[in-house]
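S.K.: Any chance you can model this:
(chains A, B and C)
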Amino acid sequence: MNFSKEIIQWYFQNKRDLPWRKTKDPYRIWLSEIMLQQTRVAQGLPYYEKFTEAFPTVYDLANAEESQVLKLWQGLGYYSRARNLHYTAKDIVENYNGQFPSTYKALLKLKGVGDYTASAIASICFDEVAPVVDGNVYRVLSRYFDIDTPINSTEGIKKFKELAFEVVDHDDPANFNQAIMEFGAVQCKPQNPYCIICPLHESCEGLKNQRVDMLPVKLKKTKVKKRWFNYLVVVSNASETLLEKRKGKGIWQGLYQFPLLETETSIETIADYQSEIEEIIKIKDFSVTKFNEKEMIHKLSHQHLYTTFWIVETTDSLKNGISLQEIRTYPVPILIGNFIEEFNF
DNA sequence: AACTCGGGGGA
DNA sequence: TCCCCAGAGTT
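M.R.: Below is the predicted model of the structure:
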């Protein structure tokens, strides 16, 4: 049996029971693929359940408010996925008569749908011979064929895509694509793969050459930047606080947070920033106390956020204040969400 | 071609 | 700690 037939057979015997494997509805396949980008199945699964319940069809998603979509997405990360998801739902309703396009080429035009996702939808929903290349596929192919071209180099991306075209099963691209990904996730996993019991271990070049644990090769990533976030948690007599919406290009675009005073380094004494705080929260009469004695270090892929929450008590009334009752209805970064749970106002 | 965008989990 | 996860968009 050849590589692709062997992979498919393994899949039929070992595949996990997952909700998006019970449908070919392009809307639901699209939803699952967007959610699972750079995200483990275990982490994405509850979000898929929440979304399909809240938005059974693309029309329901298109009719939602963006903040509602972001709220349901809260905690899953890479929030541009949620914004693009909502944008594309409206696009599908307005410009595609509610029907997803049915080819790789046409799917690529959708915002948030790249090479991988277009191939996944085209193959799974429409049986197009469009090979997927995700992190799992890079790993399986680099090991089986013992290829050390860096998977995140221009040459590597091209080479592995071509290789995927050579091995994809033309009779059943839908199951082959899901099979090779599942195989990479469950059997040919990053650490301690099950080579001894692997159905492909006799023909695996990487195993033969004892290079499995060195593959795939990946170019080094850039190092992380440090930032210092001081959140101003206003608490007024009227049981209100302030939230602001993050705008611009950086992290957490569209999510809400307490008014932020970002500094170049740790704050020694908060009194040094009296005028800055006045300017940010538009209040003159307040007293500030530190909530967390040690800075919390919130770690993102490219940034470490040294965070302090400052409790700002005031008797003044707030402009654009938010009642503490409704604070949990706003989409917030997990860093803010954790604080809200702990502080409990 | 390099950077940016989250959060969680495993070793 | 470091790496990885059903990647895509921007610079």
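S.K.: Got phi/psi on the closest residue to DNA strand B within the stretch 101-250 of chain A?
M.R.: For the stretch 101-250 of chain A, the residue closest to DNA strand B is A:Thr154, as judged by CB to the nearest atom of the strand, at 2.6 Å. C-betas here are computed from N, CA, C, even on glycine. A:Thr154 adopts backbone torsions of phi -60, psi -40, taken as degrees, to the nearest 10.
S.K.: which residues in chain A form strands?
M.R.: A:225-236, A:240-241, A:244-245, A:256-257, A:260-263, A:287-290, A:296-299, A:303-314, A:322-323 (DSSP state E).
S.K.: could you dump those to CSV with mean pLDDT?
M.R.: Formatted as CSV, the strands of chain A follow (pLDDT from 0 to 100):
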stretch, mean pLDDT
strand A:225-236, 96
strand A:240-241, 96
strand A:244-245, 97
strand A:256-257, 98
strand A:260-263, 96
strand A:287-290, 96
strand A:296-299, 96
strand A:303-314, 97
strand A:322-323, 94
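S.K.: follow-up on the earlier one: how much space separates the residue of the stretch 101-250 of chain A closest to DNA strand B from DNA strand C?
M.R.: 11 Å (CB to the nearest atom of the strand, to the nearest Å).
S.K.: What residue, apart from its backbone neighbours, is nearest A:Lys208 spatially?
M.R.: Nearest residue to A:Lys208, sequence neighbours excluded (CB to CB, 6 or more residues apart in numbering): A:Asp146, at 7.7 Å.
S.K.: can you check A:Thr117 too?
M.R.: A:Thr117 sits nearest to A:Glu33 (CB to CB, 6+ apart), 4.7 Å away.
S.K.: Enumerate every residue touching the one you found.
M.R.: A:116-117, A:120-121 (CB atoms under 8 Å, 6 or more residues apart in numbering).
S.K.: same question, A:Ala122
M.R.: A:Ala122 touches A:102-104, A:107, A:128, A:130, counting by CB under 8 Å, 6+ apart.
S.K.: Name the nearest of the residues you listed relative to A:Ala54.
M.R.: A:Leu107 (23.8 Å; CB to CB).
S.K.: so who does that closest one touch?
M.R.: So A:Leu107 contacts A:100-101, A:113, A:117-118, A:121-122 (CB under 8 Å, 6+ apart).
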